[in-house]
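> Got a sequence here, can you model it:
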Amino acid sequence: MTVPATDDKVRRDVTTPLRLSGVVRAEWVKIRSVRSTYALLIAAVVVSVALSGLIAWATMSTWEDRAEGFEPVSGSLIGLFFGQIAIMVFSILVISAEYTTGSIRGTLIAVPDRTRLLLAKVIITAALALAAGLVMSFGSFFVGQAVYATRGVETTIGADGVLVALLRGGLLICMTGVIALGVGFLARQSSAAIGVTFGIYFLPILFSGFLPEWFQKNVIKYMPNTSSAVMLYPDPAVPDVGVTPMSGFLTLSAWALAMLIPAALLFNRRDS
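Here you go, the predicted structure:
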């Protein structure tokens, strides 16, 4: 019996694996169709820019107590650390929401190559987090400088090292998203992943004063938030804290790999 050409074409299409670009596009469509995605990204931008402006205003209202050692670039980007929270939740939900709803099973049927699926989620999450991070960084900078101008202590984007610091701010948010996504793959449950990510980022800062001095000097500086804080300074104004912007970025990269490598191994071994 002769098999119709159309049936043969269907069979070839079914057995041909999706390319990475196709999986990335599918993930983009999936994320774009969920309204909470926009809500979280918009919230991240609004919260970070608004708090940067509020902190700048508070700084200027008590200027006499803060004038010494003031740095206008990093001072206007403090709100990014609050915007990180929304980015963490967004990145975790990229994978944990599928486990919660059970849609991960349909996703794995469509994309049986789990490594390719994980990589596609990393790419789309990193791209969206980077875009949001750049808007946060530049928006916070311009709002902050408008407030600092009331005291004549503002700077410009063309000043030495400022543009690079703003780009690093976007990169910091991007890496935060990737780290949170890795935790989401490991934990699979939203509440557990959010708790672990918040612990990694914020507990060392909250309890550093209660920890031994050797721990503060040799360990705390390699935690994500403390190591990356120097990335928000222009190079001429980077404080001497034993961490440089480059080493801060490398530390974030190491954290991302520390989350993603075991996540990939477990994702390939676990049942859906």
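> Excluding chain neighbours, what is closest to Ser253?
Of all residues beyond its chain neighbours, the one nearest Ser253 is Met175 (7.0 Å), with distances taken as C-beta to C-beta, 6 or more residues apart in numbering. Where you see a C-beta, it was placed from the backbone N, CA and C, and this is true even at glycine.
> so who does that neighbour touch?
Pro224, Ser228, Phe249, Leu252, Ser253, Trp255, Ala256 (C-beta atoms under 8 Å, 6 or more residues apart in numbering).
> and the residues you listed, which are buried?
In the contacts of Met175, burial by neighbour count holds for Pro224, Ser228, Phe249, Leu252, Trp255, Ala256, counting by 16 or more other C-beta atoms under 10 Å.
> Sort out which one of the residues you listed lies nearest Gln145 for me.
The closest of the buried ones among the contacts of Met175 to Gln145 turns out to be Ser228 (C-beta to C-beta; 22.0 Å).
> surely the closest one meets Ala254?
No. Counting by C-beta atoms under 8 Å, Ser228 stays clear of Ala254, with 11.6 Å between them.
> Need the contact partners of the helix or strand hosting Ile205.
Secondary structure from DSSP states H and E places Ile205 in helix 190-207. Outside helix 190-207, the residues that touch it by C-beta under 8 Å, 6+ apart are 84-85, 88-89, 92-93, 96-97, 100, 176, 179-180, 183-184, 186-187, 220, 223-226, 255.
> Nearest to Thr37 among the contacts of Met175?
Closest to Thr37 out of these is Ala256 (21.1 Å), distances taken as C-beta to C-beta.
> Can you say which helix or strand has that closest one in it?
Going by DSSP H and E, Ala256 is in helix 245-269.
> Can you mark which positions in the longest helix along the chain are buried?
With secondary structure taken from DSSP state H, the chain has its longest helix at helix 114-148. Buried positions in helix 114-148, judged by neighbour count with 16+ other C-beta under 10 Å: 114, 116-126, 128-130, 132-145, 147-148.
> Could you do stretch 76-84 as well?
By 16+ other C-beta under 10 Å, the buried positions in stretch 76-84 come out as Ser76, Leu77, Ile78, Gly79, Leu80, Phe81, Phe82, Gly83, Gln84.
> Now do the longest helix of the chain against helix 245-269, angle only.
Angle of helix 114-148 versus helix 245-269, following axes from the mean of the first three to the mean of the last three C-alpha atoms, to 10 degrees, is 150 degrees.
> now helix 114-148, how far from the chain's geometric center?
Distance, stretch centre to chain centre, for helix 114-148: 7 Å (C-alpha atoms, centre = their mean, to the nearest Å).
> which residues of this protein score low on pLDDT?
Applying pLDDT under 70 to the chain flags the ranges 1-17, 64-68, 272.
> on that earlier part again, just the C-alphas of the helix holding Ile205, formatted as PDB.
Extracted in PDB, the C-alpha atoms of helix 190-207 (Å, rounded to 0.1, in the frame of the first residue of the first chain):
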ATOM      1  CA  SER A 190       7.200  28.400  44.100                       C
ATOM      2  CA  SER A 191       7.100  29.000  47.900                       C
ATOM      3  CA  ALA A 192      10.200  26.800  48.500                       C
ATOM      4  CA  ALA A 193      12.200  28.400  45.600                       C
ATOM      5  CA  ILE A 194      11.300  32.000  46.700                       C
ATOM      6  CA  GLY A 195      12.300  31.200  50.300                       C
ATOM      7  CA  VAL A 196      15.600  29.700  49.200                       C
ATOM      8  CA  THR A 197      16.400  32.600  46.800                       C
ATOM      9  CA  PHE A 198      15.500  35.200  49.400                       C
ATOM     10  CA  GLY A 199      17.700  33.400  51.900                       C
ATOM     11  CA  ILE A 200      20.700  33.400  49.600                       C
ATOM     12  CA  TYR A 201      20.300  37.100  48.800                       C
ATOM     13  CA  PHE A 202      19.100  38.700  52.000                       C
ATOM     14  CA  LEU A 203      19.800  36.600  55.100                       C
ATOM     15  CA  PRO A 204      23.600  37.200  55.000                       C
ATOM     16  CA  ILE A 205      22.900  41.000  55.000                       C
ATOM     17  CA  LEU A 206      20.400  40.800  57.800                       C
ATOM     18  CA  PHE A 207      22.500  38.600  60.100                       C
END
